[in-house]
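Colleague: build me a model from this:
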Amino acid sequence: MEVICWGKQLGKQRFKCKNCGIFFTQNRPEQKIQNRYVWFKKWVLERHTYKTLTRDSGLSKDTLQKTFYVLLGQAPVVKIIKRDDVHLRIDATYFKQFCLLCYQDDEDGYIQLFRFTDGEHYEEIKEDLDNLIRLGLRLESITTDGHKSILKAIRKSVPQVIIQRCLVHIQRMCLLWLTRYPKHQAGQELRQMVLQILKIKTNNDRLFWIAGFHQWYEKHKDYINEKTYNIETGRYWYTHKLLRRSYITIKRALPNMFHYLANPKIPNTTNGIEGYFSHLKNHLDLHRGLTTKNRINFIKWYIYFSNEK
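Modeller: Model prediction:
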């Protein structure tokens, strides 16, 4: 941190920080800057408002705002930590103006890489995965919610890596489509099976559940594949499309649903990163009025401080 003399004020030596441009009138300006950095960290990471920080720090709201806005303009750089046998979570969360895509190490929740974009795009995700490998990460597994772009990027960039589908996403979407009280027996039985997904803890549980799933399909396949025709247009659609959608979702995910049983270090959900996103948004919502640029920089500082823990 570089500090230079900048004249005098009321008989006291005045200083200026060459990094952030803040002026100070005390003998140890670098200590004052450091103290304000501590309050800035609390503002970003600990859900403190200007009201509580003004009370606790003894600094005025104007002083804190000026300091914080200067620091927001100096977004930090998050470093990639070289590690072996990494179990990665990939997920995205959406804000009004942009999308945040994150790559989280399951070992300690460290965000190895993130990107601000407008959606989950194959080309960008592939580029990110290529960069992670190039910079020294050795991936063993990736847990994802099953977005097509993410799956395609993994298979193209790191085909040897184990793909684990998030069981919570599968369960959540199927329960949404099947509704709480399905009218037909097929829906009722599948709903009961879906509720058991997160309770599968052993290989015998897996075999029993998969066998039951196939038996269920054989029993109800005529109903699942039933079609409704429009005589005038000649077009058709599946009559019970939400039930069929639930079945197809599970069928396609099935090869990658239970890798965690062979390796307990593989996370079987993306709950860790979804919880991270939830805390981030709660913190950001406390500070309304930030410009889009400052919202993005706030998120960068949040990730930076979170990674320091």
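Colleague: by mean pLDDT, flag the weakest helix or strand of the chain.
Modeller: Using mean pLDDT, DSSP states H and E, the weakest-scoring helix or strand in the chain turns out to be strand 23-24, at a mean of 68.
Colleague: point out where the stretch 101-250 of the chain drops to low pLDDT.
Modeller: When residues are selected by pLDDT under 70, none of them lie in the stretch 101-250 of the chain.
Colleague: can you show me the strands along it?
Modeller: 111-117, 139-144, 162-165, 227-229, 236-238 (DSSP state E, counting those that start in this stretch).
Colleague: can you tell me which of those strands is nearest to Lys219?
Modeller: Smallest distance to Lys219 across these (CB to CB): 17.6 Å, for strand 236-238. All C-beta atoms are positioned from the backbone trio N, CA, C, and that covers glycine.
Colleague: tell me which residues of that closest one come out buried.
Modeller: Within strand 236-238, no residue is scored as buried using 16 or more other CB atoms under 10 Å.
Colleague: do the same with stretch 88-98
Modeller: For stretch 88-98, a neighbour-count test (16+ other CB under 10 Å) marks Leu88, Arg89, Ile90, Asp91, Ala92, Phe98 as buried.
Colleague: stretch 201-210 now?
Modeller: Going by neighbour count (16+ other CB under 10 Å), the buried part of stretch 201-210 is Trp209.
Colleague: so what touches it?
Modeller: Contact partners of stretch 201-210, identified using CB atoms under 8 Å, 6 or more residues apart in numbering, comprise Met193, Gln196, Ile197, Lys199, Ile200, Leu254, Phe258, Leu261.
Colleague: using CSV, write out the CA atom coordinates for the longest helix seen in the chain.
Modeller: Determined from DSSP state H, the single longest helix within the chain is helix 203-224. Only the C-alpha atoms of helix 203-224 are listed here, as CSV (Å, rounded to 0.1, in the frame of the first residue of the first chain):
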residue,chain,number,x,y,z
ASN,A,203,-25.8,-50.8,-3.8
ASN,A,204,-28.6,-53.1,-2.8
ASP,A,205,-30.9,-50.1,-2.4
ARG,A,206,-29.9,-49.0,-5.9
LEU,A,207,-30.6,-52.4,-7.5
PHE,A,208,-33.9,-52.7,-5.7
TRP,A,209,-35.0,-49.2,-6.8
ILE,A,210,-33.9,-49.6,-10.4
ALA,A,211,-35.7,-53.0,-10.6
GLY,A,212,-38.8,-51.4,-9.2
PHE,A,213,-38.6,-48.5,-11.7
HIS,A,214,-38.4,-50.9,-14.7
GLN,A,215,-41.2,-53.0,-13.3
TRP,A,216,-43.3,-49.9,-13.0
TYR,A,217,-42.7,-49.0,-16.6
GLU,A,218,-43.6,-52.4,-17.9
LYS,A,219,-46.8,-52.3,-15.8
HIS,A,220,-47.9,-48.9,-17.1
LYS,A,221,-46.2,-48.5,-20.5
ASP,A,222,-49.4,-48.5,-22.4
TYR,A,223,-50.8,-45.7,-20.3
ILE,A,224,-47.4,-43.7,-20.4
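Colleague: how far out from the middle of the chain is that helix?
Modeller: 32 Å (CA atoms, centre = their mean, to the nearest Å).
Colleague: ok, now stretch 149-165?
Modeller: Computed by CA atoms, centre = their mean, the chain-centroid distance of stretch 149-165 equals 17 Å.
Colleague: ditto for stretch 177-194
Modeller: Taking CA atoms, centre = their mean, one finds stretch 177-194 lying 30 Å from the centre of the chain it belongs to.
Colleague: what residues does it touch?
Modeller: Applying CB under 8 Å, 6+ apart, the contact partners of stretch 177-194 are 170-171, 174-175, 209, 212-213, 216, 219-220, 223-224, 240, 242-243, 245-247, 250.
Colleague: try 10 Å
Modeller: Outside of stretch 177-194, the residues within contact range by CB atoms under 10 Å, 6 or more residues apart in numbering are 170-175, 209, 212-213, 215-217, 219-224, 240-247, 249-250.
Colleague: since that was my last question, I'll sign off now.
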